[in-house]
Structure formats: structure tokens, C-alpha cells
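In: Pasting the sequence and the predicted model now:
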Amino acid sequence: MSTDTTDAAASAAGLDRDLRLRMYRTMLECRLFEQRTHELFLAGLVRGTTHLGIGQEAVAAGFGTAMRADDYTFCTYRGHNHTLARGVSMTPILLELVGRQGALMGGKGGSMHLTSVEHGAMGSYAIVGAHLPIAVGAAWSAQYRGTDQVAVCFFGDGTTNIGAFHEALNLAVVWKAPVVFVCENNQYMEYTPIRSVTAVERPAADRAAAYGLEDLVVDGNDVEAVHAMARLTVDRARRGDGPSLVEAVTYRHGGHSRADPGTYRPDEEVKAWLARDPIPAQRAVLLKAGIAEEEIARIEAETKAAVAEAERAAREAPEPDPATATTQVWADGGSAWRS
Amino acid sequence: MSTDTTDAAASAAGLDRDLRLRMYRTMLECRLFEQRTHELFLAGLVRGTTHLGIGQEAVAAGFGTAMRADDYTFCTYRGHNHTLARGVSMTPILLELVGRQGALMGGKGGSMHLTSVEHGAMGSYAIVGAHLPIAVGAAWSAQYRGTDQVAVCFFGDGTTNIGAFHEALNLAVVWKAPVVFVCENNQYMEYTPIRSVTAVERPAADRAAAYGLEDLVVDGNDVEAVHAMARLTVDRARRGDGPSLVEAVTYRHGGHSRADPGTYRPDEEVKAWLARDPIPAQRAVLLKAGIAEEEIARIEAETKAAVAEAERAAREAPEPDPATATTQVWADGGSAWRS
Amino acid sequence: MAELTYRQAVARGIGQEMERDPNVVMLGEDIGAAGGVFKTTEGLLERFGPDRVRDTPISEQAIIGAAMGAAMTGLRPVAELMFSDFFGVAWDMVANQIAKTRYMTDGQVSLPLVIRTANGGGLRFGAQHSQSIENWAMAIPGLKVVAPSTPAEMVGLMAAAIRDPDPVIVCEHKALFADKDDVPDGELVEELGRGRVRRSGSDATVVALAAMVPRALAAAEALASEGIDLEVIDLRSLVPLDMSTVLASIEKTAHLFTVEENPRLCGWGAEVVSIAAEEAIYALDGPVVRITTPHVPLAANPVLEDAQMPSPERIASTIRTTLEASR
Amino acid sequence: MAELTYRQAVARGIGQEMERDPNVVMLGEDIGAAGGVFKTTEGLLERFGPDRVRDTPISEQAIIGAAMGAAMTGLRPVAELMFSDFFGVAWDMVANQIAKTRYMTDGQVSLPLVIRTANGGGLRFGAQHSQSIENWAMAIPGLKVVAPSTPAEMVGLMAAAIRDPDPVIVCEHKALFADKDDVPDGELVEELGRGRVRRSGSDATVVALAAMVPRALAAAEALASEGIDLEVIDLRSLVPLDMSTVLASIEKTAHLFTVEENPRLCGWGAEVVSIAAEEAIYALDGPVVRITTPHVPLAANPVLEDAQMPSPERIASTIRTTLEASR
Ligand SMILES: Cc1ncc(C[n+]2csc(CCOP(=O)(O)OP(=O)(O)O)c2C)c(N)n1
Ligand SMILES: Cc1ncc(C[n+]2csc(CCOP(=O)(O)OP(=O)(O)O)c2C)c(N)n1
Ligand SMILES: [Mg+2]
Ligand SMILES: [Mg+2]
């Protein structure tokens, strides 16, 4: 059963001081980066769209800190957190969002497609479900190449009702692929409560048995519990013991995307979840563990500075060269279709 | 648990003499029709392709005899049995297979797409999984129109691994649609054993819980057990108590399609299943129930005669008019795309 | 007469038909309580209730498959695919099932259904949320395809699509949702398969669709000041395709241009040009040029996306240069 | 020199590349133990083992998605979609993911993968197992498309597709599987994007693809006896598209015809004709005619299917009539 396994793993994880601080710093980087991103979106500097993971940082931080540098992350359009959690720096990401030169993908992808292959951030996918089979393929590749790399694939509760979810889970188990599927159950699709469109209570955990998997559930707002679950499942995959499906129960503080205020959600529900904000919670844990207020404050100051620096770079960078609109369709760097 | 429910339902079904004979006759019609179809295919009279259900007749007969005239059947390219079981006569079907005038669909569909809307045979679908969502739509329509019609959707074990299966099951349960999903587990995809590509032991039954459904398994070679399961699930749907997923365990005596000898299957396996042929088994049941040999023999003679008559018609009918190749794309009967 | 946005016109057209026919039902993601992510179905849940306006899971194959099953059993479903790019996950249902079933059953099955979708670029959403897929559908026998360019026409063409006895894909262009227009009161129903001459002229025929129509008109205004007089045709519907209007215009102008948002290869313009090359070759007095997005995915960055999609400037300069060269 | 069938040529081409590069792996339904439902992969499991030749469940989204994930992490997967019609169930993976990811990531991700598929009609399989989908892929930026017409070219073009650093769709035509041909020994590698003049002539240019090539050649022989001398070009590859060979031929013949198995609207022929109408309009001396399947689904019945697909007779009579009329 889920909770036992979690506790077991948690203690097994034996979290040391540095790791705890790293998790806190990662969550904070996500939070402050996204808060500023939202302000810049409302100010019209960030264009197109954004999907914020504010409130869900513990999932990204708990897993990101449990992965090896050469492991693979696959995530969704709600992917700022997961990209930052793999160590991609804020500036190229923000440049991508504002659409200036120096952007992570030259402005071609935008907020929904953040990718940094050198960091193992193998892409943010904007069609629900698509990246689950792709993650299986990366895991299969690692298995074939014998590199004991692991692929971790993050997706939402609503994604558990699409066909690709089913096909990917079944194939991953049949091939014993080293992949960990992480469902961030934030209770909503875009505006529709997941409960109203799903045949079972727990969108991911109640599907696990259909693939011969254990039902693993973790408190997605408790970064140390998430980290323990990450260690358990990532190590299992690395050992060659096959895939896992984890349901991390969490909540997004804001709306689905762009300027959505998220008013379709009951106030008490929102209030209750705001009270369970993973970041203050972890701060309290750190203090309780005897980590000095000053040390935590320093991390906070450094993170604020990093966000400010990224913003400065974003405001100063020039617009991209329109000629780049037709590059990189093919491996030769171009887009010629005639010969 | 499955078996109990089955037994319960079986006795509940209270099979009378006529019904038993009707089930036997239906199975026999399927068997003799398909045996002759195969001979005519090898002789080059039946063209294109065929997918025979020889050995699986009990599923079609058990359900067909439990459905109301206005209920809907959705099946696959392996659909001769299900189409016959809804009362479609042999001649227009055979004319479709040989491709002559008077064919059920004018020769446009062929063996894989047998359809007779007036009999509630709402189509044979040749892309694996596609008809499951379509059946949900027909059931939803009946629910909306308040007609208490039921849709029964037949598919194979291999179909449980495709995305459309997952989407259809979830939506059917969420909408409480009056649909019965019947997986004919004949142990194989085309040439690949289902066990080798599926994460669970029972391809359908072990997925039921993922949609909050009961795991219903029935001996697909026991027509009376199938009929009882059909009554149980069709009545449940008609009452408004929602969908069911049934796994009928069976076997195809021959290959997947056309001239496939099915040699990829172990001889002992084939032998064991041939020994469990549903038709002789039911014949024995009838005799044991005190039904006269003569009466059974008469059914057999009548069925042979019907097949012979269909063949005669098929051999005599003229080829279709080539001009019909471009009719019935649109509701106006034509195919014009310019104005 | 009421001023409506293109976005409101969608709900007006659907609402008009739901009032008229109780068999018209809607299904899709976030279309009910939320009123649609583009607010195109706002108010319909309140007016017609949850039995007729159904929110679905994220299951496009099930949405389109269910629409098909409902259509073949007496309903007239209007299904939404939130973004037209999502035709990808339901393409089997659209291209292999819905388009072919009437034919395969020799007319036993009728499929009076509509699939509505937010189509096209310009919103900086990037390659997976900006495509023009009208050509995907046009290439599949058995599908009708409509792409209105104004609020008033959206109402009438939506109504026509819902009343049509065959499957119709209605492309709602994202970049036009905010456009305003005076829409007559009362019932509006257009006819499918009629193009509309939006500007008559004598020097060249310019055929456009949806968001490219205002851009073509802007180019025409610019060239008018230079004494180049363009005839601009809004195709409005790709299947049926109104070639008679286009061919009649070519007879008059002797020059043909298309303005297409889609990537370069195999767009609707290629079909229009090819028909002209067969049926009007002797009337043509110079190169026939398609002005399209290059054959690349659309970028999210505004500078890059603007460089990709046909702009009034690119339309005008291409036409100017071509006409000058062919003098 | 060995005589090979087109079906055997598929395995020969793949085997050649698997010998050469251990990162080439295969996946698909029934491709291993069964050797493929069309016997196109026979012997490969025995030669390369189950780690490199993987049978899959009936999960096309997972097959194509897994191929993509493997390609972006160092492998060169060759995925099979048993029938090309099944692109429908995996279309998002092909059109939205595989085609766009290199571009969206500004070149960070390379996708050296091949999707092989049994394409086309003539086997009486009906509307859901007979389609020509090469145009679906041609219309999507980021995909290369090849459709060989002979065994020898199948070997060399398959090898080229597997070595190509970008995603390539290889269309294997069902109606050609039994065709025989002498295939040279040793390594064969063709270049993608080169058409081939199969018959040179002076009166008209006829562009064809895959199973339409032998039909166009048969029509050419028939017309030769009437003194009409056709140049027949096998396009072989749609992306890259070898327009230089086609345009050079038009300069010589002044007449262009396409022979397309696909339904009428928006086929590759419409692209070829449209390019000619822009770049060779003054060289053209009469109507440009596309000879295609009508815009209807394919029927299962042999009489009906034969009436639908372009036949040598229809090709010849269309060309004859058109050339006479334009004299
Ligand atoms: C196939 C597909 N259908 C619909 C959408 C539109 N859409 C984008 S995000 C979203 C909600 C996804 O919900 P969930 O999986 O819970 O992820 P979350 O946004 O909550 O992180 C939807 C419906 C899409 N992008 N792709
Ligand atoms: C989407 C799709 N993939 C593959 C096929 C090819 N195919 C036809 S039948 C079949 C096997 C189906 O197995 P199962 O569901 O068990 O049904 P059975 O044939 O055993 O009745 C396959 C793979 C198809 N028709 N559609
Ligand atoms: Mg969610
Ligand atoms: Mg089976």
C-alpha cells in the first residue's frame, strides 16, 4: 500500500542538510521565477501563453533532486518548474518567454515547449498525453544502450483519461522500461474538476492495477515525501525493475493559464490549499531541523537576485532575426523541401 | 467475482426450449456460412479478405439472442457471426463477399464492414478500437432519446491495448451510458499471443477496476453461459444502471484472416480448443435436455439449405455497375465536391 | 441588428439551431460550465442544460467517436475540438470512420454532425496550437469544410453546417474571435459551398480564406492607391468548393493569386490553382502565385510568426512584382 | 545480381542498415516472429534478435511515440505502421510531435527515424485499408516522404531513409509487393529527393508515383503506337521534391499530366501543377490535367475499385484527348 512504501522510502532516503537546502532553493527558484513571469505576462512583456505551476513546486523539486544528471525529464506545457529543477538557468528561459535573442529555443517553441537537452530536460509537450509514449521510447533507448539512465514523465490528472496514457503504461510494463510516470493531480483539467469526468476516485492510482502496477500516492505538497517517492521509483527503474506510476496530490494556486483567475474553484478549497503551500511548510521544516534563519534568508536573497538578473537580461536583449523563422526544420539547419 | 454472477444469471435466465434451439441454430448458421465462405475464398469467388469467427460463434449467438430488435450491435472486421446473429440473411452478406449485385452494401464495404442498420447491426469496423467510442455515442443517443435501447460492442483481446478502448470505457462510465463491452479473448492478435504484449493476465477483466467496473468473465464457448451474462449486462444497461465490460474466453479455430493457417499456435493448444467446440457441446446439451435428434437434424438441414441457396444466388448475380463507385458519399446520393 | 463578436457569433449560430431542433446536442472539453476556453459557447449550458451541453474528459477519440455514434442514431451532435491541432489525436475517427462510413455502408448510415474547432495562428501559441488544418480535412473524401471570416457569416454558416445531412468541419479562426460586426436579427442560414466576392476588381483575382481575407483586402487597398485593382474572393467553404466564382473572376482578370495561412505544400490553393491550370489555362496571362506560410512549423515568437504568415505587405508586393513582370 | 520481390527488397534494405549500424532498431505489430503481415520483415528477427526487432501491442500511438523517444536519445528506430490508414490513430505523434520537435527546440532534438507503412489500393481491402496517405505527410512541414516503385529502388531508398538524420515516411505499395526485379549485390544507397525519368519522350510530361508508375508506362506504350511520345517521370520522393527534373521535362514537352492514386483534392499532383503554373506557365501549351482517383473512398469490390483508380486506359485516353484538343 502507498503510505507505508512512502514512509519506508522517506526514512530510507536519509535526507542530509545540503539536500534539504537544495530542495528548498529549487522550490523557491520555481516560485519566484513564475511569480515574476506572471507579472511580466500581465505587463505584456511575456507574450503568447504561460501555464504556471505555482503551488506544485514540491513535485518538481522532489524529483529533480533525486535524478542523475543524465536522466531524462519529460513534462507538459506546465513545465517551467520541471525545466528549472533540472538546472536550466533562468535567463534563457525568460528570454524564450519574452521572445528575445538568447532564448532557450530561439523563440521557436515558447513557454509551452521548454527544452534543454544538455540538462536532460527532453521537452515540454503541449498536446495532452503525447509525451508519455515518447518517455517510454527514451527509457527503452537507455535500456537498449545499457546506460541505466531513467526517464521521468510528469503529467496532469486530466491526462489519465486520454488514450496515449493507456498505451504508454501498458507498453512500458511489457518492455520493463526504466520510466517513472508522475501524475500531478491538481484536481482540475483546465476549468473542469477531474472528479466530474473520471470513472474512478484517484485518476492515476486507481488505474495502476490495470498495468500490474502498485498504487503509489504521495502528498505532492510535501517535498521530502515526494523526494522519498522519487528515490524509491527512480532507483527501482535504474535497477531494471521496471516502471512505476505515482500520483502526487497537489493544487495550482492560480488559474490554468495566462490571465485565468481560476474563479471556477470554491473559495474554501483554494484557501485550504493555500494554507498547505509547500514552500513555507518546508521552510518551517528547515528551521525545525536547526538550519539558521540567515542561511535560509541568503538562499532567498540569491534567488531574488537571480530572477532580477534574468529580467534585466530579458529587457535588454534585442528582438530575434526574422530570418531565423525558417531555420532548423531539418538536421542541415534549413527548411528546403525542393531539390 | 465473475463465476458466481455468471451462475446466478444463468439460472436466473431460465432458458426455455425455443431459446435453446434458437441459440443452436444461430451458431450453426454462423459456422456453416463461414465454412462455405472460406471454401469460396480459396476458390477465388470471395475476394478481398475475410476474418472468420469459427470457434467463437457462442459469443455472437449468446448475445444476439439476448438483445431486443432495436438494440445496437457494433463489431469488428471479424463480424460475419455478429451480423448473422442479428438476423441479417445470408444472401446479401455473401453477395457482399463475392462482390455481386444485391450485396448488403453494394460491394462498397466488403467483408470487413458488414452493416445492416435495419437489423441494428450498426457496422463492422476495421480499425482496431474505433467502434468502442462510437458504441458509447449510440448508447448516449438512446439515453438522450429515452428509448431504453442498449448498445453491445464486440472486440478482441488485442483491442484492450489501444487508446480508444481506454477513452471509451471511461466516458461510458462517466455518462452511465447503456452499453455492454464484450471482449472476445481468443488469445491472439493477428499472429502474436496476447499474453506477450499485455501487462496483465486477463486483457479485459483486469482492466475493469480502472473504470470502477466489476470483472466479468464468461466461458465464451458455452453459449448458455454467454447468454446468461448477456441478459445480466444488457438488462443492467437497459435499467439505466450503466455499462459493463465482459471478457468472453474463446478461441478461433482457424487463422487470423484470408488463407492464414494459424501455424504460429502450438498444436496441443489448438487441439484442446477444438475439443471444446461450442457447437457439438451445445448439441449434446440439447439432446440431454430431451430435444429430439430429428428436430436438431432438421435445423441442420435447413441451415445447410440456406447456405446453398445463398451460394446459388451469389454465383448467379451479375457484377455491379461501375457507375455506383461514386455514389453515396453524401446524403444526396452523390459525391460532388464542387459548386 | 446587433453588434456581435465573431466569438459570440459562434454561440448565436449554435443556439439558433438548438432552439429549432431538440436533437442538436453539444459535447467537448470545458464547453459547458466554462463556456469554452475561447468563450465561444458561453450561455449555452444555461439555456439548454447539461443533457444537451456536455462537458467531457480529455478524450478526443471518445468525443468524436461518440458524436459519430450519436449522429448515426438520430441526433445532430456538435462536437468541439478545442484547438484544431487536436485533430491529430482524433484523426482516425474523422478521416477513417466519419468520412467513410456513409459510403462503405452504401448510404445506410447518415452522419449529420459538426466538428467545430479553433483554427489558425497569430496568437503566439507555437507550432502545436496554431495550425491551419482545413487542408487535412479537404483532402479526405466525405468531409465538408467551412471557414467563415466574419461574425455574420459565422452565424449563417454554422447554422447551415448543423442543418447539413453530412459531416461538416467548421473552422473558427482564433485571430478573428474579437472581430466585431453588425449581425441582422432573426434566423440566419447561409448556403454551404458559395464563395463571396468581397471586393470586385479587374487586374487580378485574389482568393483567400478566413483570417487571410482581411489581409488580402488590406493589400488590395494598398495596391488600389497604385492603380492596381484587385478582385478579392472569400472562398468561405472548401468542400463544396465554389470554383465557378473563381473561374468567372479569372476570365475577367487573367491573373490568379491565392493567400493561404497553411504551410506551403498541398494547401487548398494548390487545388484551386490546379483546377485553373486545367480549365482556365488559356485565360491566364502570367504566373499563378500562391502566397502562403513557408513550409515550416509556426513559431511562438511574435517576430518569427509575423515573418511566417502572409502579411498585407507581402501579399501586395508579391502581386505587384508578378503583375509587373508579366506585363 | 539476385532476383528479389519488392516485399523482399524491404527486408534487404533494412537488413543492410542493421548490419551497418547497431543503433538501428525495429518495432511494430507482428514484425518479429511473424515476419510482418506482408512478410516484408521476414528473417530479420532471426538475424538481429528480439532486442532489435520488437513486436508490440496494438498501440500505434505508443509505437510511434516510442520511436520518437528512442530517436531523440541516440537510436535510429524503424517503426512499422502495418497499414498506412493507421496513421490516423497515430497522427498526433507524426504530425504534431515528430514533425515539429526539431524546429520547436531550435535544433536541440534530432529525430533520425523511419516510419514504414503498407500504402495504397488494389487489393480489394476497402476504404480503411487501401488509402494513399503520402499526401497527408507531404502537407506537414518536417517530414520527408518516399514511395519507391521497384525492388531495386526500395533497397536503396530504404537505406537512404534510415541513414537520413530527419524523420522519413517510407510508403511501401501493397500492389507492388509481388513485383520482381534484378537487384545488384552489395550495398545499395540511393539519394532522397531525386526523381527518375523512366521513359523519355517529347510530346508530354507524365509524372507518377509508386503503383501509378507502371500504369503510366503502360499508357505510354499504348500511345507510342499512335505516335504520341510521352516522357514518364517517377517522382520517387515527395519531400524533398525533385521539381528540377519535372520543370526541365516541361520545357521540352510543353504539356504536363500527373497520375495520382490519391483522391482528387490536394494531392501531390496539385503541388507539382501549381509550381509549374508559377514557374513554367509560359512553357505550357495546353491544359494541365491531373489523372486521379475520384474524390471518394475506395470500394472493396474489384469492379468498383478498378473503376476508381487510374487505369492505363484512362491515363492514355485522358492524355490523348487533352493533347488533341490543345493542338
Ligand atoms: C489532446 C489535447 N486535448 C486538449 C488539450 C487542451 N488542454 C490543455 S491543458 C488541458 C488540461 C490538462 O489537465 P491536466 O492533465 O490535469 O494538466 P494540468 O493542466 O492540470 O497541469 C487541456 C484540456 C490539449 N492540449 N491536448
Ligand atoms: C489501429 C489498428 N492497428 C492494427 C490493425 C491491424 N489488425 C487487424 S486485426 C488485428 C488483431 C486484432 O486482435 P484482436 O483485437 O484480439 O481481435 P481478433 O482479430 O483476435 O478478433 C490487427 C493488429 C488494425 N486493423 N487497426
Ligand atoms: Mg490537472
Ligand atoms: Mg484476438
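Out: Here it is on my side, so go on. Ligands and ions are numbered 1, 2, ... in the order given.

In: all helices for chain A, in order.
Out: For chain A, the helices defined by DSSP state H occupy A:2-13, A:17-42, A:57-64, A:80-85, A:90-98, A:131-145, A:163-174, A:223-238, A:267-274, A:278-288, A:293-316.

In: so how far is chain A from the residue of the stretch 1-150 of chain C found nearest ligand 4?
Out: Nearest to ligand 4, among the residues of the stretch 1-150 of chain C, is C:Asp92, at 19.6 Å (Cβ to the ion). Where you see a C-beta, it was placed from the backbone N, CA and C, and this is true even at glycine. From C:Asp92 across to chain A, the span is 10 Å (Cβ to the nearest Cβ, to the nearest Å).

In: for C:Met18, same thing?
Out: 21 Å.

In: how about that residue, phi and psi?
Out: Note on C:Met18: backbone dihedrals following degrees, to the nearest 10 are phi -70, psi -30.

In: so it makes contact with C:Arg47?
Out: Yes: in terms of Cβ atoms under 8 Å, C:Met18 counts as a neighbour of C:Arg47; the distance is 7.5 Å.

In: ok, the two, which is more surrounded?
Out: In this view C:Met18 and C:Arg47 are compared by other Cβ atoms under 10 Å in any protein chain shown, and C:Met18 has more residues nearby, 22 against 12.

In: Who are the contact partners of that one?
Out: Counting by Cβ atoms under 8 Å, 6 or more residues apart in numbering or on different chains, C:Met18 touches C:24, C:26, C:44, C:47-48, C:52.

In: per-residue pLDDT, the residue lying closest to A:Leu171 once chain neighbours are set aside?
Out: Closest residue to A:Leu171 apart from its sequence neighbours, by Cβ to Cβ, 6 or more residues apart in numbering or on different chains: D:Ala62 at 4.3 Å. Model confidence at D:Ala62, expressed as pLDDT, equals 99.

In: what's around D:Ala62, how many residues?
Out: 33.

In: Pull up the gap between it and D:Val89, please.
Out: 11 Å (Cβ to Cβ, to the nearest Å).

In: Please enumerate the shared neighbours of these two.
Out: Residues touching both D:Ala62 and D:Val89 (Cβ under 8 Å, 6+ apart): none.

In: residues in contact with whichever residue of the stretch 151-300 of chain A sits closest to chain B?
Out: Relative to chain B, the nearest point of the stretch 151-300 of chain A is A:Gly163 (1.8 Å; Cβ to the nearest Cβ). For A:Gly163, the contact set (Cβ under 8 Å, 6+ apart) comprises A:129, B:162-167, C:59, C:61, C:89, D:61.

In: Turn those into CSV, including distance to B:Arg145.
Out: Output for the contacts of A:Gly163, formatted as CSV (distance: Cβ to Cβ, whole Å):
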residue, distance to B:Arg145
A:Gly129, 32
B:Ile162, 29
B:Gly163, 28
B:Ala164, 24
B:Phe165, 26
B:His166, 27
B:Glu167, 23
C:Ser59, 23
C:Gln61, 23
C:Val89, 29
D:Gln61, 33
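
In: Near ligand 1, list only the ones from those.
Out: With Cβ under 6 Å from any ligand atom as the criterion, the contacts of A:Gly163 include C:Val89 near ligand 1.
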